[in-house]
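>>> Structural data only, the sequence is not supplied:
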């Protein structure tokens, strides 16, 4: 029982690592505060679910889900990245509400609020699934580490610090911002696909802000533009949040206590450590 | 080298730049001066593509830059600094320079040496003083491949020592055959280093000439001091 619990905890942790690191690329490293990141995770989950439920092998579905999330990311980025600051955030946040409305109402495709159950297994052995998630999270981490230390990654960071200065140094900031969102949403799509195959179910709650706040907390606590910070905060806060179920006696209070804890920690970090634990830039 | 012909720009009902025409010759230090609100920075921003002109043409070495985006103008050979320093604050000196030109550390150190910035390459830009950030911005602009260097008030907010260093940096650049175009309020600085001075007033070119001619011109004195 404990063993299965640990496997489940670790698998979710590896999925969160991919989601948070991909958000960190656009937000922490490029300065694009994409509040609609869960839109792309959800697209990945729904695409993978629909395709595999219609007989496609999971690996093909996963690739198509990631490419679809990336494609939508690039289209949306091409339209929105010229918007500055709050406007970009408002538009990307709007994506989530569109996704909730579409996934609830396009019943013939998504089964609405009932969601899509019975998403096929990648493997029936959860331990192997955890190893699979670990490998993908590892690839993702190594890729982002390489990317953010490459010339392209440095240009992303230059755009974050001062877009005008990057432009007068000959960098096509518009194209680089689209590239950053494209890569970020590709990995968000992969994370969504793994998530769907792990819990074998996807419904509109995947787009819920509560889920995004958790991701945001991991990102901010670890620190923007820090890959190491993201990983450590996911493990540390993940353990803390899961420990609540062993501490809070009444099961119906667990959710409320956990949400209070989310907000409390977020508030404390923003006040006393605005760069997070390992962050290199202000939130 | 750089030529502006009938450049105009309005913001709402205000004509910030009005049929501005002048040239910057190769291997000179040309200064753009004028009272506050004369349109100097707007002209710089139009040349570097940060603002689009309503009318007129801009050419660099006979290449038409009009309506080009900023990054293409930069690629065409214009390098610039800003009135308010724009370094990449969260990045190291090395990374700041790498964005300008992906060159080796030796060349980076040489450029830093040439602008009298004696700091390790791994220093974070935000840890530098304001004057040092100006020098880093200048080093970055120098390292970028360019045929014209544009400096917007390089001496603003820097101490007298750095101001003197800037003077010798600019004179050295000219001796090396570089072309510098700058905006400056410090008249002593302008008169000391400039080959040509362009005076702008209310968005129009008031006078173009050598420093000695400018300093004695009645219209220029009126624009600065009033009638």
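Yep, that arrived. As the structure is a prediction and not an experimental result, all values here were calculated from the model. Residues are numbered from 1 along each chain as shown, chains lettered A, B, ... in the order given.
>>> What helices and strands are in contact with the lowest-mean-pLDDT helix or strand in chain B?
Every helix and strand of chain B was ranked by mean pLDDT, DSSP states H and E. The lowest is helix B:218-225, at a mean of 79. The contact analysis (3 or more CB pairs under 8 Å, 6 or more residues apart in numbering or on different chains; DSSP states H and E) places helix B:218-225 against strand B:196-201, strand B:204-209. Just so you know, the C-beta spots here come from the backbone N, C-alpha and C atoms, and that holds for glycine as well.
>>> Out of these, which is closest to chain A?
Nearest to chain A among those is strand B:196-201 (21.1 Å), distances taken as CB to the nearest CB.
>>> What strands line up against the closest one, and which way round?
strand B:29-33 (parallel), strand B:204-209 (antiparallel) (DSSP bridges).
>>> For chain A, give me the ranges with low pLDDT.
In the predicted model, chain A carries pLDDT under 70 at residues A:1-2, A:249.
>>> try 90
Scanning chain A for pLDDT under 90 picks out the ranges A:1-5, A:82-87, A:208-211, A:213, A:240-267, A:269-283.
>>> Go through it and flag its longest helix.
Criterion DSSP state H: the longest helix present in chain A is helix A:173-199.
>>> where does residue B:182 fall, phi/psi-wise?
Per-residue torsions, residue B:182: phi -140, psi 150 (degrees, to the nearest 10).
>>> Sorry, slip of the keys, the one I care about is residue B:8.
Dihedral angles (degrees, to the nearest 10) for residue B:8: phi -130, psi 150.
>>> returning to what we had before: pick the most buried one from the strands paired with strand B:196-201.
Neighbour counts (mean count of other CB atoms under 10 Å in any protein chain shown) averaged over each of these peak at strand B:29-33, with a mean of 25.
>>> which element follows it toward the C-terminus?
Sequence order places helix B:40-47 as the next helix or strand after strand B:29-33, per DSSP states H and E.
>>> Next, the buried residues of that next one.
Using 16 or more other CB atoms under 10 Å in any protein chain shown as the test for burial, helix B:40-47 gives B:40-47.
>>> Give me the contact list for it.
B:2, B:4, B:7, B:9, B:16-17, B:20, B:32-34, B:51-53, B:58, B:65, B:73, B:78, B:80, B:83, B:150, B:152, B:183, B:200, B:203 (CB atoms under 8 Å, 6 or more residues apart in numbering or on different chains).
>>> ok, now which ones touch the residue positioned nearest the centre of chain B?
Closest residue to the average C-alpha location of chain B: residue B:151 at 1.9 Å, with CA atoms, centre = their mean. Residues near residue B:151 by CB under 8 Å, 6+ apart: B:80-81, B:138, B:141, B:180-183.
>>> Which parts of chain B are helices?
So, for chain B - with DSSP H - the helices run B:40-47, B:70-76, B:93-100, B:105-114, B:130-143, B:160-175, B:187-193, B:211-216, B:218-225.
>>> Of the ones you listed, which is nearest residue A:98?
helix B:70-76 (32.1 Å; CB to CB).
>>> could you check whether that closest one is close to chain A?
Yes. Part of helix B:70-76 sits near chain A under the criterion CB under 8 Å from any CB of the partner chain, namely B:70-71, B:73-75.
>>> From those, pick the one nearest residue B:221.
residue B:73 (34.6 Å).
>>> Test my guess that that closest one contacts residue B:65.
Yes. Between residue B:73 and residue B:65 there is a contact under CB atoms under 8 Å: 5.2 Å.
>>> Report the set of residues contacting both of these two.
Shared contacts of residue B:73 and residue B:65, counting by CB under 8 Å, 6+ apart, come down to B:47, B:49.
>>> Just give me the neighbour total for residue A:116.
Using other CB atoms under 10 Å in any protein chain shown, residue A:116 has 20 other residues around it.
>>> where does the residue nearest to it when sequence neighbours are not counted land in three-state SS?
Closest residue in space to residue A:116, ignoring its immediate chain neighbours: residue A:49 at 4.7 Å, by CB to CB, 6 or more residues apart in numbering or on different chains. Secondary structure for residue A:49, judged by DSSP: H, G, I helix; E, B strand; the rest coil, is helix.
>>> burial of residue A:49, as a residue count?
Neighbours of residue A:49 under the rule other CB under 10 Å: 28.
>>> So what's the residue count around residue A:78?
Neighbours of residue A:78 (other CB under 10 Å): 15.
>>> Likewise for residue A:52?
Neighbourhood size, residue A:52 [other CB under 10 Å]: 25.
>>> Packing partners of whichever helix or strand it is part of?
With secondary structure defined by DSSP H and E, residue A:52 is part of helix A:37-53. Contact analysis of helix A:37-53 by 3+ CB pairs under 8 Å, 6+ apart lists helix A:2-24, helix A:58-80, helix A:86-105, helix A:107-110, strand A:116-117, helix A:173-199, strand A:201-202, helix A:209-222 as its packing neighbours.
>>> for these, which one ends up most surrounded?
Highest mean neighbour count of the helices and strands packed on helix A:37-53: helix A:173-199, a mean of 25 (counted as mean count of other CB under 10 Å).
>>> Off-centre distance for that helix?
Put simply, helix A:173-199 sits 8 Å off its chain's centre (CA atoms, centre = their mean, to the nearest Å).
>>> now it against helix A:86-105, angle please.
30 degrees (axes from the mean of the first three to the mean of the last three CA atoms, to 10 degrees).
>>> Which residues does residue B:183 form beta bridges with?
Bridge pairing for residue B:183 - DSSP bridges - gives residue B:32, residue B:152.
>>> what's the burial count for it?
Residue B:183, neighbours per other CB under 10 Å, totals 24.
>>> same thing with residue A:248?
For residue A:248, the neighbour count with other CB under 10 Å is 15.
>>> mind listing what it touches?
Residue A:248 makes contact with A:254, A:257, according to CB under 8 Å, 6+ apart.
>>> again with residue A:177
A:30, A:32, A:77, A:81, A:159.
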